[in-house]
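**Q** just the structure for this:
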Amino acid sequence: MTSKPSPARQGPLSHVRVLDLSRIMAGPWATQILADLGADVIKVERPEVGDDTRSWGPPFLKDENGEPTSEAGYYLSVNRGKRSIALDIASPEGQDVVRRLAAVSDVVVENYKVGALARYGLDYRSLSAVNPKLIYASVTGYGQTGPRRNAAAYDFAIQAMGGLMSVTGERDGLPGGGPQKVGVPIVDLMTGMYTAVGVLAALARRAETGSGDYIDIAMLDVQAAFLANQAMNWLISGNPPKRGGNRHPNIQPQDVFPVSDGFIVLAVGNDAQFAKLAGVLGHAEWAGDERFATNPSRVRNHATLDPLLRDAFSAWTREGIIDALEGAGVPCSPINTVPEVFADPQIAHRRMLRDLPHPRAGRVPQVVSPLTFAHEPLAFDRPPPLLGQHTEEVLRELGLPSSAAS
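**A** Below is the predicted model:
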């Protein structure tokens with residue numbers, strides 16, 4: 001990098017500048033991770049319109065008078081810690097600014113369609129000629145190669161195509177049965193996470209070799225990668241995994257169980273925990289029953305064990321059974337709503353929810369990074385930016401007039 005990021009930041013990546021040409025979710029999630037770690041992330045947005053997610057509401061953040069702003073909750077969830085510049089990259093002037101930024105950046109992250117940025121001379125080949133140390137990450141639905149490389153993709157479609165929905169949801173034939181997507185855009189989030197990991201690996205390699213690199217990451221590849229145990233179950237057994245509701249395919253008992261005033265999650269992970277569970281429920285004999293004594297036997301005899309458990313749980317209240325199981329060292333949990341999550345004393349103690357100053361709303365809530373460092377504490381000092389909020393500031397750092405963006 002030829003110049004220190006400005007203004008100074010705090011965190012283990014405070015020496016790194018990221019040029020963010022991405023929008024929607026996967027790319028911005030990756031760059032928000034890097035921003036949380038201290039990188040100076042410069043987000044390039046279309047003039048007047050900006051990132052598509054700015055308008056993906058309601059809900060919208062309210063200003064200090066209680067009126068809705070143009071900042072949707074979706075946008076606010078993935079753009080903390082960045083500086084926004086409004087730039088028309090289809091214009092020669094905009095392209096020149098991007099090249100100048102690339103020359104003084106460590107990382108570029110983009111999620112345009114395959115070949116789109118090459119038309120503007122902003123692809124990896126072009127920008128690495130300006131800065132050979134540049135790390136350039138391209139995030140697409142299907143990757144830079146292959147028969148689908150030119151197709152557009154969204155999280156929902158990849159959850160379906162990538163097999164996730166075949167193992168998510170209640171079993172066919174039961175109430176509510178059928179394929180379900182995950183309740184958050186998990187492929188986007190995991191793609192962003194893998195992208196951030198790739199960037200960090202490339203930065204570590206560059207520290208040894210002095211050379212930049214190109215990262216080609218595809219949402220479909222990511223989805224295939226995190227099929228994890230479900231994929232491996234099929235690979236070694238030949239039996240395609242099926243939807244099983246909340247029941248774990250390999251470990252029992254792990255499921256949602258009704259109690260007298262609601263539901264709990266039970267997550268028994270070994271035979272000792274099962275013995276403790278049996279004792280709490282007043283059936284210590286289950287631990288010695290050959291049908292239930294070991295996890296493989298419990299998985300094979302799930303149809304017998306499950307109704308016994310449900311009958312035993314029905315007499316308990318949610319608070320009562322959770323207290324009893326936690327006291328015995330059996331993993332379990334209430335099924336919290338989102339408001340209950342952030343009211344939880346543990347979440348409050350860990351300061352996962354914070355308010356940041358905001359130029360229109362006064363304050364904006366943010367669910368911050370879960371990473372904590374003993375020697376490089378993170379500073380959440382930049383709220384999600386307004387569209388073009390930092391255009392003049394960034395251009396001034398480059399020695400350019402404000403008219404250079406138009």
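
**Q** quick one, helices of the stretch 151-300 of the chain?
**A** Assigned helices in the stretch 151-300 of the chain, in chain order: 155-161, 186-209, 219-225, 228-237, 271-280, 295-300 (criterion: DSSP state H, counting those that start in this stretch).

**Q** reformat those helices as JSON lines; add mean pLDDT, distance to R99 and mean neighbour count.
**A** From N, CA and C alone the C-beta is placed, and that goes for glycine too. What follows is the helices of the stretch 151-300 of the chain, written out as JSON lines (pLDDT from 0 to 100; distance: least, CB to CB, whole Å; neighbours: other CB atoms under 10 Å):
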{"stretch": "helix 155-161", "mean pLDDT": "97", "distance to R99": "31", "mean neighbour count": "19"}
{"stretch": "helix 186-209", "mean pLDDT": "98", "distance to R99": "20", "mean neighbour count": "19"}
{"stretch": "helix 219-225", "mean pLDDT": "98", "distance to R99": "28", "mean neighbour count": "20"}
{"stretch": "helix 228-237", "mean pLDDT": "97", "distance to R99": "41", "mean neighbour count": "12"}
{"stretch": "helix 271-280", "mean pLDDT": "98", "distance to R99": "59", "mean neighbour count": "18"}
{"stretch": "helix 295-300", "mean pLDDT": "97", "distance to R99": "58", "mean neighbour count": "16"}
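
**Q** which one of those helices lies nearest to E67?
**A** Relative to E67, the nearest member of the helices of the stretch 151-300 of the chain by CB to CB is helix 186-209, separated by 29.9 Å.

**Q** can I assume L134 is in contact with A102?
**A** Yes. In this structure, L134 is within contact of A102 by CB atoms under 8 Å, at 6.2 Å.

**Q** shared neighbours, the two?
**A** Shared contacts of L134 and A102, defined by CB atoms under 8 Å, 6 or more residues apart in numbering, are found at V108, L127.

**Q** hmm, V78 is touching M25, no?
**A** Yes. V78 lies in contact with M25 (CB under 8 Å); the separation is 6.0 Å.

**Q** common neighbours of these two, please.
**A** T53.

**Q** quick one: low-confidence ranges for the stretch 251-400 of the chain?
**A** Within the stretch 251-400 of the chain, no stretch has pLDDT under 70.

**Q** per-residue confidence at the closest residue to S369 other than its chain neighbours?
**A** Excluding the flanking residues, the one nearest S369 by CB to CB, 6 or more residues apart in numbering is D36, at 3.9 Å. If you check D36, the pLDDT there is 98.

**Q** with the one 10 residues further on instead?
**A** The model reports R46 with a pLDDT of 97.

**Q** ok so, going back, of all the helices of the stretch 151-300 of the chain, which one is nearest T391?
**A** Nearest of the helices of the stretch 151-300 of the chain to T391, taken as CB to CB: helix 186-209 at 24.7 Å.

**Q** CA atoms of that closest one as PDB?
**A** Extracted in PDB, the C-alpha atoms of helix 186-209 (Å, rounded to 0.1, in the frame of the first residue of the first chain):
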ATOM      1  CA  ILE A 186     -27.400 -17.800   5.200                       C
ATOM      2  CA  VAL A 187     -25.700 -18.300   1.800                       C
ATOM      3  CA  ASP A 188     -25.000 -14.600   1.500                       C
ATOM      4  CA  LEU A 189     -23.600 -14.500   5.000                       C
ATOM      5  CA  MET A 190     -21.500 -17.600   4.600                       C
ATOM      6  CA  THR A 191     -20.200 -16.300   1.300                       C
ATOM      7  CA  GLY A 192     -19.300 -13.000   3.000                       C
ATOM      8  CA  MET A 193     -17.500 -14.900   5.700                       C
ATOM      9  CA  TYR A 194     -15.500 -17.100   3.300                       C
ATOM     10  CA  THR A 195     -14.600 -14.000   1.300                       C
ATOM     11  CA  ALA A 196     -13.300 -12.300   4.400                       C
ATOM     12  CA  VAL A 197     -11.300 -15.400   5.300                       C
ATOM     13  CA  GLY A 198      -9.900 -15.500   1.800                       C
ATOM     14  CA  VAL A 199      -8.900 -11.900   1.900                       C
ATOM     15  CA  LEU A 200      -7.200 -12.400   5.300                       C
ATOM     16  CA  ALA A 201      -5.300 -15.400   3.900                       C
ATOM     17  CA  ALA A 202      -4.200 -13.400   0.900                       C
ATOM     18  CA  LEU A 203      -3.000 -10.600   3.100                       C
ATOM     19  CA  ALA A 204      -1.000 -13.100   5.200                       C
ATOM     20  CA  ARG A 205       0.600 -14.500   2.100                       C
ATOM     21  CA  ARG A 206       1.400 -11.100   0.700                       C
ATOM     22  CA  ALA A 207       3.200 -10.300   3.900                       C
ATOM     23  CA  GLU A 208       5.600 -13.200   3.000                       C
ATOM     24  CA  THR A 209       5.800 -12.800  -0.800                       C
END
